[in-house]
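In: can't give you the sequence, but here's the structure:
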């Protein structure tokens, strides 16, 4: 079945460092891809998405490009801040789930940014 | 504000007690979901509802029941709580296949 694999954390960076969180997927067909962020004690919030190959999603300085040839959707940011400390989840929509786009989530990657 | 509202935010139950977690959305979403989040386990789907009047099991449905009361509301019931059901529960709504979920803020449930 469809699946999402994220790099294991925690990832610890100093403020202003570059960030890459790897995400690869296995899917039949052409899923939509998502990144969610969860700040401590809160629910998950949609960070960005891409719905077809070569699309780039971006938000709050974060970017991710839908790469069909490598089945990847890596999350990147050029300069992280302490406020970016959170858990990041990669997800894909399960196009085989009938008329829903039920999401399949990766395990999550914890990012810690130190001042 | 538009979104997904979960109640209660916190709950402590004794083993064997029952309770219902409430979820309501005002975004006119067709699909709604219940997940549980446990350390090291990521998010696991309990039940979902593709549309009003339909429900389906997810990965971990045992010990739970759901009701899609109308388009807005999707409740999760624990008939006889067990310590293994200690978790954070999230409800989510979704407007379509290319749309992501909108999550509620979660219910932290402890079963002692």
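Out: The structure has been received and is ready for your questions. Source: prediction; values computed, not measured. Residues are numbered from 1 along each chain as shown, chains lettered A, B, ... in the order given.
In: quick one, what contacts residue A:81?
Out: A:15, A:16, A:113 (Cβ atoms under 8 Å, 6 or more residues apart in numbering or on different chains). (Glycine included, C-beta is placed from N, CA and C.)
In: from what I can see residue A:8 touches residue A:109, true?
Out: Yes: here residue A:8 lies in contact with residue A:109, judged by Cβ atoms under 8 Å, at a distance of 7.1 Å.
In: Looking at these two, which is more packed in?
Out: Taking neighbours as other Cβ atoms under 10 Å in any protein chain shown, residue A:8 and residue A:109 compare with residue A:109 leading, 20 against 11.
In: For the more buried one, which non-adjacent residue is spatially closest?
Out: residue A:9 (4.3 Å; Cβ to Cβ, 6 or more residues apart in numbering or on different chains).
In: Dihedrals phi and psi, the closest residue to residue B:71 other than its chain neighbours?
Out: The shortest distance from residue B:71 to any non-neighbouring residue, by Cβ to Cβ, 6+ apart, is to residue B:52 (4.7 Å). As for residue B:52, its main-chain torsions (degrees, to the nearest 10) stand at phi -50, psi 130.
In: quick one: residue B:52 and residue B:74 touch, right?
Out: No: using Cβ under 8 Å as the test, residue B:52 is too far from residue B:74 to be in contact (9.5 Å).
In: Give me the common contacts of those two.
Out: residue B:68.
In: Tell me which of the two has more neighbours.
Out: Shown here are residue B:52 and residue B:74; by other Cβ under 10 Å, residue B:74 has more neighbours (29 against 14).
In: what stretches of chain A score poorly on pLDDT?
Out: Across chain A, the ranges flagged by pLDDT under 70 are A:95-100.
In: So which residues of chain A form helices?
Out: Ranges of helices in chain A, per DSSP state H: none exist.
In: Nearest to chain B: which residue in it?
Out: Closest residue of chain A to chain B, Cβ to the nearest Cβ: residue A:101 (3.3 Å).
In: Quick one: neighbours of that residue, just the number.
Out: Around residue A:101 sit 23 other residues, with neighbours defined as other Cβ under 10 Å.
In: I'd say it and residue B:92 touch.
Out: No: if you go by Cβ under 8 Å, residue A:101 and residue B:92 don't touch, sitting 11.5 Å apart.
In: Could you look up the SS state of the residue nearest the centre of chain B?
Out: The centroid of chain B falls nearest to residue B:34 when counting by Cα atoms, centre = their mean (3.0 Å). Classification of residue B:34 using DSSP: H, G, I helix; E, B strand; the rest coil returns strand.
In: got a list of what it touches?
Out: Per Cβ under 8 Å, 6+ apart, neighbours of residue B:34: B:21, B:23, B:45-48, B:58, B:64, B:66, B:74, B:76, B:89-91.
In: what about burial for these, which qualify?
Out: Neighbour-count burial (16 or more other Cβ atoms under 10 Å in any protein chain shown) applied to the contacts of residue B:34 gives B:21, B:23, B:45-48, B:58, B:64, B:66, B:74, B:76, B:89-91.
In: tell me, which of those make contact with chain A?
Out: B:45, B:48, B:90 (Cβ under 8 Å from any Cβ of the partner chain).
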